[in-house]
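Q: Below is the structure, and that's it, no one-letter string:
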């Protein structure tokens, strides 16, 4: 049983902030139904932190009025609420936190640093995995080092890089902002005119875009993985599909797509996909729940993306209902507490070198 307050953190300065609200409020209510003391922490797109029980209601965000909620800061092992003048009002100790932020610094490692500096265990990927898998370019490099199959790609940082991408990939090609998710800014280009439009759109969202071959007969297969109690657990494989050329935002979040769990795959192929996902998870020493998105082209398997904070925490891949998902959340949160305690036992030394520095050294710029 989880002890004390569990801070569930969601929102953030990200194009995926609204989706994060759905994930965060879902997680809040799963934990509350499990008897946990939940402290919802909402980060606005401006980077303001708010907390309060009412923030667990997803219906309160369609017209969010900041003045009606309690501002807060993370510090000293907990959450300080602030009064209207910005002064600290109340301290709420936090046993552990759950990262439900999608995109931006929330998913990209910033939240790991914030909570780590303030001695709060954070359930989710660590700073390395968060930042590496947030960027699709660095994901490609990491997968190559692990000898994991991925599609060839080209990186486009400006419109001047387009000829190089055409030469490397050809048409049709998929264009993706490198550091976004939820299919925002993703498009398929059939020719150079469409590619110019697609790259221009992607660079409106991000500093670089990733171009990959578009697989006409692809199948999209997802699997989620988590670690708890010395066991790495992989979910059943899911096949997602769309009537469009790729899985769109509406397909993912507005009911436009379809999903089949478990996916209709030969047993050996399904097991291979799970094994690849578990290999990446284990080799990168990941934590929390991560979803691995694969593309199949006939019998060829490519790992496309790794989501360190998947939509709705991937609950549907592990359970048919929210109640059945509670043990998974409990397990990853307790694992975060265990890992944090282990890390705190490591020695930190003080060398004493500062005691031997002359008083004039800093002024003169010389040791």
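A: Happy to help now that I have it. This is a predicted model, so every value here is computed, not measured. Residues are numbered from 1 along each chain as shown.

Q: Going by neighbour count, list what's buried in stretch 269-282.
A: Buried positions in stretch 269-282, judged by neighbour count with 16 or more other C-beta atoms under 10 Å: 270, 273-274, 276-281. Glycine gets a C-beta too; all of them are placed from N, C-alpha and C.

Q: And stretch 77-88, by the same measure?
A: 78-82.

Q: What residues are bridge-paired with residue 82?
A: With DSSP bridges as the criterion, residue 82 is bridged to residue 88.

Q: List the contacts of it.
A: 70-73, 88-89 (C-beta atoms under 8 Å, 6 or more residues apart in numbering).

Q: before we move on, the earlier item: between the buried residues of stretch 77-88, which is nearest residue 116?
A: residue 78 (14.2 Å; C-beta to C-beta).

Q: what pairs with that closest one across the strands?
A: Counting by DSSP bridges, the residues bridging with residue 78 are residue 75, residue 93.

Q: any idea how far the nearest residue to residue 309 once chain neighbours are set aside is from residue 312?
A: Leaving aside its chain neighbours, residue 309 sits nearest to residue 107 (4.7 Å; criterion: C-beta to C-beta, 6 or more residues apart in numbering). Residue 107 is 14 Å from residue 312, where distance means C-beta to C-beta, to the nearest Å.

Q: These two: who's more crowded?
A: Neighbour count, other C-beta atoms under 10 Å: between residue 107 and residue 312, residue 107 has more, with 29 against 19.

Q: Looks to me like the more buried one is in a helix.
A: Yes: assigned with DSSP: H, G, I helix; E, B strand; the rest coil, residue 107 falls within a helix.

Q: Does it touch residue 14 like I think?
A: Yes: the criterion here is C-beta atoms under 8 Å, and residue 107 meets it with residue 14 at 7.5 Å.

Q: who touches both of the two?
A: Listed contacts common to residue 107 and residue 14 are residue 101; contacts here mean C-beta under 8 Å, 6+ apart.

Q: Please report the distance of the residue nearest to residue 309 from residue 20.
A: Distance of residue 107 to residue 20, given as C-beta to C-beta: 8 Å.

Q: Between those two, which contacts overlap?
A: Residues touching both residue 107 and residue 20 (C-beta under 8 Å, 6+ apart): 12, 14, 101, 309.

Q: Between those residues, which sits nearest residue 184?
A: Closest approach to residue 184 among the shared contacts of residue 107 and residue 20 (C-beta to C-beta): residue 14, at 9.7 Å.

Q: so who does that closest one touch?
A: Residues in contact with residue 14, defined by C-beta under 8 Å, 6+ apart, are 20, 45, 101-104, 106-107.
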